[in-house]
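Novice: Next one to model:
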Amino acid sequence: MLPGTRVRKTLQTRSAFALAEMILSVTVLAALAGFSLIMFISAKNNNTKSYDLYKAMSHATSVIETIKGVSHPDLLSEAHFQPETAVLSSNGQGATLSIYFDQDWVPLPPDSHQTKVCYSLQAELTPWDMSPCTQTGFQTYSIKVRVLRLMPYALEKDEAQEIISIETLKCYGPHHTCTKGAIR
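Specialist: Prediction:
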C-alpha cells in the first residue's frame, strides 16, 4: 500500500467517526430539548390550573354569598350581580345564573362572540324537599355552582373541564336563616 493511501483512509475513518459523533450529539440534544419543552409546558399548565382554581373559587364564592344575601329567592335579580354580564332566569320555584369569562377571567356580555369564551360559571337555586328547616315554616333552597374551563390546556385534549363545584343550602324565612355547605 502506498503511504498516501493509508493517510487518506485514516482521514476518511476519522471524518466518518466525527460525523457519527455529530449526529449522535444532535440526536441527544434534540431529545433533551423536547423533554425540556414538555416540562415547561407542563409547569405552565400547572400554574394556569392553580390560578384558574383560585379565580373559580373566588367567583363561585361571590355568587353564593350574593344569593345568600338576598332575603328571598324571588327578590334575586341580575342587578345583584354584574348586570351587563350575568344572565339570570327564574321559573317561579328557583333560578339559574350564567356568567361567561374570557381567558383573563374578564366577564363577557351575553351577546359577545362565543369564540372568546374560556370559562363558564353556572349556578342553580332550587327548592330542597328534605329540609329540617321546613318543619318550622322556613323554605330551604339548594345552591349549586359549577365553574368550567371550556378550552383545553396546552397539549391536553379535554375541552370542558370542571374546575370547581360548590353545593350549599340556605333556609329562607321571615326572621333568621340557617345554612349548610359542602365543597368538592
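Novice: And the strands in the chain?
Specialist: Secondary structure of the chain, counting by DSSP state E: strands at 87-90, 95-101, 107-108, 119-127, 139-149, 161-172, 179-183.
Novice: Reformat these as CSV; add mean neighbour count, mean pLDDT and distance to L37.
Specialist: C-beta: built from backbone N, CA, C; applies to glycine. Formatted as CSV, the strands of the chain follow (neighbours: other Cβ atoms under 10 Å; pLDDT from 0 to 100; distance: least, Cβ to Cβ, whole Å):
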stretch, mean neighbour count, mean pLDDT, distance to L37
strand 87-90, 14, 88, 40
strand 95-101, 19, 93, 29
strand 107-108, 18, 90, 32
strand 119-127, 19, 93, 27
strand 139-149, 20, 93, 23
strand 161-172, 18, 92, 23
strand 179-183, 12, 53, 35
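Novice: how about those strands, which one is nearest S42?
Specialist: When the strands of the chain are ranked by distance to S42, counting by Cβ to Cβ, first place goes to strand 161-172 at 15.7 Å.
Novice: so what secondary structure elements neighbour the closest one?
Specialist: Strand 161-172 makes packing contacts with helix 3-69, strand 139-149, strand 179-183 when contacts are defined by 3 or more Cβ pairs under 8 Å, 6 or more residues apart in numbering; DSSP states H and E.
Novice: Between strand 139-149 and it, find me the angle.
Specialist: For strand 161-172 and strand 139-149, the angle between their directions (axes from the mean of the first three to the mean of the last three Cα atoms, to 10 degrees) works out to 160 degrees.
Novice: Strand 161-172 vs strand 119-127, what angle?
Specialist: Using the same axes, to 10 degrees, the inter-axis angle of strand 161-172 relative to strand 119-127 is 30 degrees.
Novice: Columns distance to C118 on top of the helices and strands packed on strand 161-172, output as a markdown table?
Specialist: As requested, the helices and strands packed on strand 161-172 are exported to a markdown table (distance: least, Cβ to Cβ, whole Å):
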| stretch | distance to C118 |
| --- | --- |
| helix 3-69 | 9 |
| strand 139-149 | 7 |
| strand 179-183 | 23 |
